[in-house]
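[1] Predicted coordinates and the sequence they were generated for:
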Amino acid sequence: MTMTLGEKLRKHRDDKGYSLDQLAKLSNTSKSYLWELENRSERKPSGEKLARIAQFLEITSDYLLDDKAQPDEEMAKTAFFRKFNNLEEDDQKKISDMIDMWRKKD
């Protein structure tokens, strides 16, 4: 089943429990911009804004733009690594240390 950009945005926003206002504040976009992405058939999303929105929905902008793409484990991993790469170096180190501790348990 194919889903449009608007359908995907609404579905993932609802899955996260975000209102338009909440996602707008988190992603530093306007509520009206998000509403238009979700409801208008003719739209030209900004790559930068779409990437920020996707980050907070824990999906990728590539997935949003491909009507035939379905959410899968690879997309979730890509979204995680993008989020990880945006962390401060100290926070990345903490996560890396936690992973090392888990490995030692095995």
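    Sure, I can see it.

[2] Pull up the gap between residue 98 and residue 26, please.
    Distance of residue 98 to residue 26, given as Cβ to Cβ, to the nearest Å: 25 Å. Heads up, the C-betas are built off the backbone N, CA and C, glycines and all.

[3] Which one's more surrounded, the two?
    More crowded of residue 98 and residue 26, by other Cβ atoms under 10 Å: residue 26, with 15 against 10.

[4] Please, which helix or strand holds the more buried one?
    helix 20-27 (DSSP states H and E).

[5] Tell me the gap between that helix and the middle of its chain.
    Here helix 20-27 is found 12 Å from its chain centre; the criterion is Cα atoms, centre = their mean, to the nearest Å.

[6] Residues contacting the very next helix or strand once past that helix, please?
    Note on helix 20-27: by DSSP H and E, the next helix or strand toward the C-terminus is helix 31-39. Residues from elsewhere that reach helix 31-39 (Cβ atoms under 8 Å, 6 or more residues apart in numbering): 5-6, 9-10, 13, 20-21, 23-24, 27, 43, 45, 49, 53.
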